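> based on what follows, work out the 3D shape:
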Amino acid sequence: MEYRIAREGQTYGPYTEAEVRTYLSSGYLVETDLACTDGMTKWVPLSKLLPKQKKAKKSKSPPLDPAGLRLDLPAPPDIPWVMALVLECITLGSFFVMWDIYEGFWLRRVEPESRALLYFCVAALLFIVNSPSLYSFVVHDFSGMPRLVSTHATVIGVATFFMRILARFSMRRTLRTHFSREEPIGLTLSWFMTLVFGGLYFQYHFNRINELRRAAAQPAHL
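Just a heads-up that it's a prediction; the model follows:
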């Protein structure tokens, strides 16, 4: 199908659909330009006449490029993310308080300027200080007794939460820098997934990186 374009009393074309789309993307044409095809008696806006293209579905996890790997650097923590999730559930949310530190320790080894480890350690310390109050809260909840949470415990709990969020985004920033400069493998990290899942989300990508490292370390078959 060929298209004719009308603008300011002038007609142009005919153009193929591919040419029209190219001109649209380059700005030579706009969707409000009038257009018609063979057999049409009226001019209509190009946006109504041009078939809409289906948007290609984006991969949730784009493939990583092994060419950017550096096997001389320490490998990321390597525990299956599903196992980490199970442990997080079993420990009632305390597993990643410690595992975050382990992830941050690895990041500090490959990027000494990273502050994520410091933030995770502060968050863990606050969590430990507040753990008696958390334990009391859970015990009261299961026993049916009234929940007693002091203002002091609430303040520490809020501080722990925000410190963990700060640590997560500090880690995300350093990871993005590292895997775009030192090891450019095309790693992308969603801010939303970082906010919601934190260390579990990082561990998922660490598993992908470790799979890539293992494949790169295997000798090529002749």
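> for the spatially most central residue of the chain, which non-adjacent residue is closest in space?
The centroid of the chain falls nearest to S190 when counting by Cα atoms, centre = their mean (2.0 Å). On the basis of Cβ to Cβ, 6 or more residues apart in numbering, the spatially nearest residue to S190 that is not a chain neighbour turns out to be Y201, at 7.7 Å. Where C-beta positions appear, they are placed from N, C-alpha and C, glycine not excepted.
> contacts only, for that neighbour.
189-190, 193-194 (Cβ atoms under 8 Å, 6 or more residues apart in numbering).
> could you identify the most distant pair in those?
Put simply, by Cβ to Cβ the two of the contacts of Y201 set farthest apart are L189 and M193, 7.4 Å from each other.
> show me the contacts for A67.
Going by Cβ under 8 Å, 6+ apart, the list of residues near A67 reads I185.
> how close does it get to R176?
18 Å (Cβ to Cβ, to the nearest Å).
> got it, and Q10?
Between Q10 and R176 the computed distance is 49 Å (Cβ to Cβ).
> ok, the two, which is more surrounded?
For the pair Q10 and R176, the greater number of neighbours falls to R176 (13 against 7), based on other Cβ atoms under 10 Å.
> what kind of secondary structure is the closest residue to the more buried one other than its chain neighbours in?
The spatially closest residue to R176, leaving aside those adjacent along the chain, is L189, at 5.9 Å (Cβ to Cβ, 6+ apart). For L189, the secondary structure call by DSSP: H, G, I helix; E, B strand; the rest coil comes out as coil.
> for L189, what are its contacts?
172, 175-176, 201-202, 205.
> next one, pLDDT for it please.
The model reports L189 with a pLDDT of 93.
> make residue 1 into 216 and carry on from there
Yes, from this point I'll number from 216; that puts the last item at L404.
> could you check how far it is from Y416?
As defined by Cβ to Cβ, L404 lies at a distance of 8 Å from Y416.
> got it, and M255?
M255 sits 52 Å away from Y416, taking Cβ to Cβ as the criterion.
> now swap in F407 and tell me
Here F407 is placed at a distance of 10 Å from Y416 (Cβ to Cβ).
> ditto for P347
30 Å.
> per-residue pLDDT of S276, please?
According to the model's per-residue confidence, S276 sits at a pLDDT of 65.
> kindly report the same for Q268.
In this model, Q268 is scored at 60, pLDDT.
> in the longest helix seen in the chain, which residues are buried?
The longest helix of the chain (DSSP state H) is helix 366-396. Residues 368, 371-372, 375, 378-379, 381-387, 389-390, 393-394 are the ones in helix 366-396 that count as buried (16 or more other Cβ atoms under 10 Å).
> any low-confidence regions in this protein?
Low-confidence segments of the chain (pLDDT under 70): 268-276, 348-365, 434-437.
> what ranges do the strands span in it?
Remark: strands assigned in the chain by DSSP state E are 217-222, 225-231, 249-252, 259-260.
> neighbouring contacts of the second one?
Under the criterion Cβ under 8 Å, 6+ apart, residues 216-221, 238 lie in contact with strand 225-231.
> from those, which would you call buried?
The neighbour count (16+ other Cβ under 10 Å) marks 218-220, 238 as buried among those.
> got those as TSV, with distance to A299 columns?
As requested, the buried ones among the contacts of strand 225-231 are arranged in TSV below (distance: Cβ to Cβ, whole Å):
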residue	distance to A299
Y218	55
R219	60
I220	57
Y238	51
